[in-house]
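In: Below are the sequence and a predicted model for it; my questions follow.
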Amino acid sequence: MSEPDLNRMPVKLAPFYPIVPDIGWLERIVQLGVKLVQLRIKDATRGAIVDQTRRALDVTKAHGCQLVLNDYWDVAIETGADFIHLGQEDLQAADLVALRKAGIRVGVSTHDETELETALLVYPDYVALGPIYRTKLKIMPWAPQGLERLKLWRSKIGALPLVAIGGLTPDRATGAADAGADSLAVITDFVTASDPDARIREWLKWAADRRS
Ligand SMILES: Cc1ncc(COP(=O)(O)OP(=O)(O)O)c(N)n1
Ligand SMILES: Cc1nc(C(=O)O)sc1CCOP(=O)(O)O
Ligand SMILES: [Mg+2]
């Protein structure tokens, strides 16, 4: 368990939080104005992950965007990523003290109340709840949580930043944000769009309208 750093400022997450499978996607969308992005690489060597994370940090820093690395907590420390995102199994393996010492922010996945209790024990910088809607990305044992569950998470975690994930689309965005999500994590919607750049711009316009 890692103690909270009382000097650590709470994070403010951008309302739109795209997740990408590789550096090519990341470079493409950061140039469009994305301010928070997750690099979620599956099935690559550690060397390739380090290399892509370094390249991701170069491009995100140049564009005033924050980088979240998924899963690879040791690579996050080695490269100086802004955040690490940890699932519940990742959480058991990660060295949270080392992450804190390195100044890396920590986001944690939750899918039920037990997982939320576990997540809160490590004083995360944000909590993610999913899948809010059915997702086509991966098979998951949880039924869609829905907006009521998002409201419940909001009431349970107070001011801690809350990320919604799973099946989100621009049509569903305002509902999820009004239910309490500070930031919406999205993959399939823009990756499978006929014009991904246009879809990213649509999301960014929604985020800008949401902020104002
Ligand atoms: C913002 C956000 N929320 C949830 C997840 C899922 O993390 P995890 O449960 O570890 O599953 P994988 O993404 O590693 O397959 C996430 N990546 N990001
Ligand atoms: C990777 C992932 N984790 C989830 C969780 O609930 O923890 S849902 C999910 C996929 C979300 O992406 P899409 O926008 O493609 O549905
Ligand atoms: Mg994971």
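Out: Happy to help now that I have it. Numbers count the residues shown, from 1 in each chain. Ligands and ions are numbered 1, 2, ... in the order given.
In: check contacts around the residue of the chain found nearest ligand 1.
Out: In the chain, the residue that lies nearest ligand 1 is G87 (2.1 Å; C-beta to the nearest ligand atom). Yep, even glycine has a C-beta here, placed from its N, CA and C like the rest. Neighbour list for G87: 71, 108-109 [criterion: C-beta atoms under 8 Å, 6 or more residues apart in numbering].
In: how close does the closest residue to ligand 2 within the chain sit to V37?
Out: Ligand 2 sits closest to G130 of the chain, with a gap of 2.3 Å, by C-beta to the nearest ligand atom. Here G130 is placed at a distance of 17 Å from V37 (C-beta to C-beta, to the nearest Å).
In: how deep is W73 tucked in, by neighbour count?
Out: When neighbours are counted by other C-beta atoms under 10 Å, W73 registers 24.
In: is it true that it touches E89?
Out: No. The pair W73 / E89 is not scored as a contact, 12.0 Å apart, by C-beta atoms under 8 Å.
In: quick one on the thing from earlier: kindly reformat the contacts of G87 as TSV containing neighbour count.
Out: Below are the contacts of G87 laid out as TSV (neighbours: other C-beta atoms under 10 Å):
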residue	neighbour count
D71	19
V108	26
S109	22
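In: Contacting ligand 1 as well, which ones from those residues?
Out: Among the contacts of G87, the ones lying near ligand 1 by C-beta under 6 Å from any ligand atom are 71, 109.
In: Just the contacts of G87: which are in strands?
Out: 108-109 (DSSP state E).
In: now the contacts of G87 as a markdown table including pLDDT and distance to A208?
Out: Converted to a markdown table, the contacts of G87 look like this (pLDDT from 0 to 100; distance: C-beta to C-beta, whole Å):
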| residue | pLDDT | distance to A208 |
| --- | --- | --- |
| D71 | 97 | 30 |
| V108 | 98 | 28 |
| S109 | 98 | 27 |
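In: Tell me the one among the contacts of G87 nearest to ligand 3.
Out: Distance to ligand 3 across the contacts of G87 (C-beta to the ion) is lowest for D71, with 4.4 Å.
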